[in-house]
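> Starting from these lines, generate the structure:
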Amino acid sequence: MALKLCIAQLNFIVADTAGNAQKIIDAARTAYAQGARLVLTPELSICGYAAEDLFLRPAFIAACDDAVKTVARELAGLKGLHVVVGHPMGGDIRSKSVAVQRRFNAASVLCEGRVLETYAKRELPNYQVFDERRYFTPGQGTCVLRVEGVNVGLLICEDAWFDEPGQLAKEAGAEVLAVINASPFHVGKGGERVARMAERAQALGVPVIYAHLVGGQDEVVFDGASFAVNAAGELCGRAPGFQEDLFYIEANRVNGGVKLSANMTHERTPEADLWDALVLGVRDYIGKNGFPGVLLGLSGGIDSALVLAVAVDALGRDKVRAVMMPSPYTADISWIDARDMAHRLGVRYDEISISPEFEAFKASLANEFKGLPEDTTEENIQARIRGVFLMALSNKFGSIVLTTGNKSEMATGYCTLYGDMAGGFAVIKDLLKTTVFRLARWRNIHDPYGAGISPIPERIITRPPSAELRPDQTDQDSLPPYEVLDAILGRYMENDQGVEEIIAAGFDRAVVERVARLIRINEYKRRQAPVGIRVTHRSFGKDWRYPITGKFRA
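Numbering: from 1, shown residues only. Here you go, the predicted structure:
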């Protein structure tokens with residue numbers, strides 16, 4: 001007899017326990033009607049991942065408990081249906097006569113109105129964006145449930161990356177491992193997951209089912225792409241990435257073991273994953289937080305062009321507004337290219353000159369600056385005027401400002417506090433400049449959302465980047481060539497290589513030391529930057545926790 005199971009690859013909202021519960025109920029009813037008798041939902045599906053310090057509030061844990069009971073009650077009439085829901089579970093214990101709150105990252109098996117079993121996650125990650133040891137206590141037990149004659153061992157995310165939890169589940173009789181997950185996306189992570197689960201399946205000699213979350217949550221994106229591997233480690237089914245899906249898997253007994261079969265989506269390129277991660281991150285941040293739309297400063301340069309293209313793919317043209325704010329140093333081709341791109345995408349486009357305000361600022365400060373040459377001070381004034389204009393439009397109309405700074409700029413401080421850093425969501429803050437160019441070229445060739453055009457004018461991609469804050473300015477006046485800079489950033493910031501190691505790899509000592517210094521002295525700026533989408537294994541944000549004040553020198 002075959003077991004049909006369903007991975008409910010769903011997009012939840014953190015702390016919307018009632019809404020999340022209803023989404024699980026609806027998915028379970030649909031899956032049951034399709035013949036599924038086991039439904040797997042992602043890690044912490046009841047509350048969304050991750051609820052952070054909400055986990056420390058007893059009232060929040062109680063709300064999650066109520067939602068679990070609601071799911072069990074509403075599905076009680078579906079005979080034989082087993083639904084696995086992820087949720088936080090808490091309780092007081094006594095320690096030396098003092099009440100101590102203990103919480104677990106748990107998964108409960110619901111069937112016919114009852115909680116049959118509850119499993120607590122054993123391995124708690126505490127690296128990169130993960131901080132689970134702050135909130136949870138490691139579990140100790142195992143959970144093996146029997147559904148339609150198949151013994152299914154339950155694990156939660158990190159458990160499957162270690163030997164012991166899976167081995168204990170097999171010793172308890174598991175013939176299949178079902179792993180529920182909330183694993184944030186970064187480029188290359190999907191292939192790494194499949195490889196590790198294939199290793200786990202081969203080591204234990206049992207198939208592995210990987211049920212994954214999808215959706216954006218603040219700075220992280222979950223990419224879905226749930227999958228299954230057979231006992232020999234071969235991939236035998238994969239759900240679509242970056243979208244909700246009810247993904248069905250058949251488990252059949254073959255030669256004394258269990259063999260899985262399911263549909264297989266095509267393999268994706270890194271650029272396709274990267275684009276969809278940015279689009280989903282923008283769509284969910286705007287939608288889940290209730291903003292009516294977005295606006296951004298469109299300069300005629302590559303960064304704002306890429307952000308505009310992402311925003312339109314994510315939200316549609318009607319929810320996106322672009323504002324060109326020329327200064328005395330804005331080149332004619334910047335006007336032309338900005339107008340061209342706005343026309344191609346069909347967004348509202350306005351031009352507001354900052355020249356009168358710039359002259360007024362200089363006049364007001366003339367006595368203070370008397371006898372001093374113009375420098376970055378005047379450049380920053382221009383950027384800050386633009387920031388004021390954008391925030392005024394945001395306040396008046398309710399749309400959130402998308403900032404357009406990239407990772408190379410954020411690393412080196414090539415950005416202006418309260419200027420181009422002013423805004424609410426940083427779309428490309430984790431993209432190196434070379435990646436910005438690569439992704440722009442990819443989007444001009446590919447049309448994943450049916451826009452029917454190449455959105456970015458070719459000259460925006462090919463012309464030398466410039467902030468246009470002084471005559472004949474280019475980025476390379478102040479920074480190393482981006483190919484060199486980004487290679488150093490990849491080694492130093494993303495992969496923790498030391499200065500001497502990078503120099504030994506062939507990079508100029510003066511350039512490496514300068515980049516390391518720029519990263520160090522601009523930490524205070526990054527602390528004031530808006531939240532943005534994480535797409536690499538190490539971003540400026542929760543992955544990067546360095547002191548602003550300190551004397552260490554690399």
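> what's the average pLDDT for the helix or strand harbouring residue 107?
Applying DSSP states H and E as the criterion places residue 107 in strand 98-111. For strand 98-111, the mean pLDDT works out to 83.
> now stretch 390-401
97.
> remind me which residues of this structure are low pLDDT?
1, 91-101, 465-478 (pLDDT under 70).
> Could you chop it up by domain?
Domains of the chain are assigned by automatic domain parsing as 3-268, 272-475, 480-521.
> Walking through the stretch 351-500 of the chain, point out its strands one by one.
400-403, 425-426 (DSSP state E, counting those that start in this stretch).
> for those strands, which one sits closest to residue 415?
Across the strands of the stretch 351-500 of the chain, residue 415 has its closest neighbour in strand 400-403 (8.7 Å, CB to CB). Quick note: C-beta positions are derived from backbone N, CA and C, even for glycine.
> Parallel or antiparallel, which strands does that closest one pair with?
strand 294-297 (parallel), strand 425-426 (parallel) (DSSP bridges).
> can you list contacts of the shortest one?
Counting by CB atoms under 8 Å, 6 or more residues apart in numbering, the neighbours of strand 425-426 from elsewhere in the structure are 282, 285-286, 294, 400-403, 405, 529-533.
> of all those, which comes closest to residue 171?
residue 533 (41.5 Å).
> Setting the sequence-adjacent residues aside, check what's closest to that closest one.
Among residues not flanking residue 533 along the chain, residue 281 sits closest, at 3.8 Å (CB to CB, 6 or more residues apart in numbering).
> That neighbour contacts residue 218, doesn't it?
No: look at residue 281 against residue 218 with CB atoms under 8 Å: they stay out of range, at 9.1 Å.
> if we can go back for a sec, make a markdown table out of the strands of the stretch 351-500 of the chain and add mean neighbour count and distance to residue 170.
Below are the strands of the stretch 351-500 of the chain laid out as a markdown table (neighbours: other CB atoms under 10 Å; distance: least, CB to CB, whole Å):
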| stretch | mean neighbour count | distance to residue 170 |
| --- | --- | --- |
| strand 400-403 | 23 | 49 |
| strand 425-426 | 24 | 45 |
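> Let me know which of these is the nearest to residue 104.
Nearest of the strands of the stretch 351-500 of the chain (CB to CB): strand 425-426, 32.9 Å.
> so how far is that closest one off the chain centroid?
Relative to the centre of its chain, strand 425-426 is centred 12 Å away, using CA atoms, centre = their mean, to the nearest Å.
> Touching, residue 51 and residue 43? I think so.
No: the criterion here is CB under 8 Å, and residue 51 misses it with residue 43 at 11.7 Å.
> higher neighbour count, the two?
A count of neighbours by other CB atoms under 10 Å puts residue 43 above the other of residue 51 and residue 43, at 25 against 21.
> re earlier: make TSV from the strands of the stretch 351-500 of the chain and add distance to residue 366 to it.
Shown next, in TSV, are the strands of the stretch 351-500 of the chain (distance: least, CB to CB, whole Å):
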stretch	distance to residue 366
strand 400-403	31
strand 425-426	35
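> more crowded one of residue 281 and residue 218?
residue 281 (28 against 21).
> quick revisit: helices or strands up against the strand holding residue 107?
Where contact means 3 or more CB pairs under 8 Å, 6 or more residues apart in numbering; DSSP states H and E, strand 98-111 is packed against helix 58-74, strand 82-95, strand 114-120, strand 150-156.
> From the contacts of strand 425-426, keep the buried residues only.
282, 285-286, 294, 400-403, 405, 529-530, 532-533 (16 or more other CB atoms under 10 Å).
> CSV for those, including distance to residue 256?
Listed next are the buried ones among the contacts of strand 425-426 as CSV, based on distance: CB to CB, whole Å:
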residue, distance to residue 256
282, 49
285, 49
286, 52
294, 57
400, 57
401, 61
402, 57
403, 58
405, 58
529, 57
530, 56
532, 51
533, 47
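> any idea where the strands of the stretch 201-350 of the chain begin and end?
Using DSSP E, counting those that start in this stretch, the strands of the stretch 201-350 of the chain run over 208-212, 214-217, 220-223, 227-229, 235-238, 245-254, 257-262, 294-297, 320-324, 348-351.
> between these, which gets nearest to residue 418?
strand 294-297 (13.6 Å).
> what's the spacing between that closest one and its chain's center?
On CA atoms, centre = their mean, the centre of strand 294-297 falls 21 Å from the chain's centre.
> Can you tell me what sits against that strand?
Contacts of strand 294-297 (CB under 8 Å, 6+ apart): 282, 286, 304, 307-308, 311, 315, 319-325, 386, 390, 393-394, 397, 399-404, 420, 423, 425.
> thinking again about what came up before, which one of the buried ones among the contacts of strand 425-426 sits closest to residue 197?
residue 533 (25.5 Å).
> Next up, the contacts around that closest one.
216, 219, 221, 277-278, 281-282, 426-430.
> could you list every residue that touches the residue nearest to residue 390 when sequence neighbours are not counted?
Using CB to CB, 6+ apart and skipping the chain neighbours, the partner closest in space to residue 390 is residue 401 (4.8 Å). For residue 401, the contact set (CB under 8 Å, 6+ apart) comprises 294-296, 390-391, 393-394, 422-425.
> From residue 354, how far off is residue 401?
16 Å (CB to CB, to the nearest Å).
> Over to residue 69?
Note on residue 69: its distance to residue 354, by CB to CB, is 57 Å.
> Pick out whichever of these two has more residues nearby.
Neighbours per residue (other CB under 10 Å) separate residue 69 from residue 354, with residue 354 holding more: 21 against 14.
> can I assume the more buried one is in contact with residue 326?
Yes: using CB under 8 Å, residue 354 makes contact with residue 326 at a distance of 7.0 Å.
> OK, contacts around residue 190?
Counting by CB under 8 Å, 6+ apart, residue 190 has contacts 223, 225, 241, 268, 273.
> that older thread, kindly present the domains of the chain as TSV, with separate columns for distance to residue 549.
Output for these, formatted as TSV (distance: least, CB to CB, whole Å):
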stretch	distance to residue 549
domain 3-268	23
domain 272-475	16
domain 480-521	11
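> Out of those, which is closest to residue 539?
domain 272-475 (4.3 Å).
> thinking residue 248 is in contact with residue 6, fair?
Yes: when contacts are counted by CB under 8 Å, residue 248 is listed as touching residue 6 (5.4 Å).
> which residues are common contacts for these two?
Contact with both residue 248 and residue 6 is made by residues 31, 34, 36, according to CB under 8 Å, 6+ apart.
> I'd say the second one and residue 6 touch.
In this case it means residue 34. Yes: between residue 34 and residue 6 a contact is recorded at 7.3 Å, counting by CB under 8 Å.
> neighbour count winner among the two?
More neighbours surround residue 6 than the other of residue 34 and residue 6, with 26 against 11 (other CB under 10 Å).
> which residues touch the spatially closest residue to residue 54 that is not a sequence neighbour?
Nearest residue to residue 54 in three dimensions, chain neighbours excluded: residue 60, at 4.6 Å (CB to CB, 6+ apart). By CB under 8 Å, 6+ apart, residue 60 lies in contact with 15, 47, 51, 54, 88.
> picking that back up, roughly how far does the residue nearest to residue 390 sit from residue 316?
Distance from residue 401 to residue 316, by CB to CB: 18 Å.
> cool, and residue 183?
29 Å.
> So between the two, which is more surrounded?
The residue with more neighbours, out of residue 183 and residue 316, is residue 183; 24 against 14, by other CB under 10 Å.
> which ones are touching that one?
Residue 183 touches 157, 189, 193, 212-213, 222, counting by CB under 8 Å, 6+ apart.
> Present the residues you listed as TSV; the columns should include distance to residue 513 and neighbour count.
Putting those into TSV (distance: CB to CB, whole Å; neighbours: other CB atoms under 10 Å) gives the following:
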residue	distance to residue 513	neighbour count
157	40	28
189	32	17
193	37	21
212	42	27
213	42	28
222	38	26
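> Tell me the one of the residues you listed nearest residue 179?
Of the contacts of residue 183, the one sitting nearest to residue 179 (CB to CB) turns out to be residue 157, at 6.8 Å.
> Export the contacts of residue 183 as CSV, with columns for distance to residue 438.
Output for the contacts of residue 183, formatted as CSV (distance: CB to CB, whole Å):
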residue, distance to residue 438
157, 31
189, 19
193, 24
212, 26
213, 28
222, 24
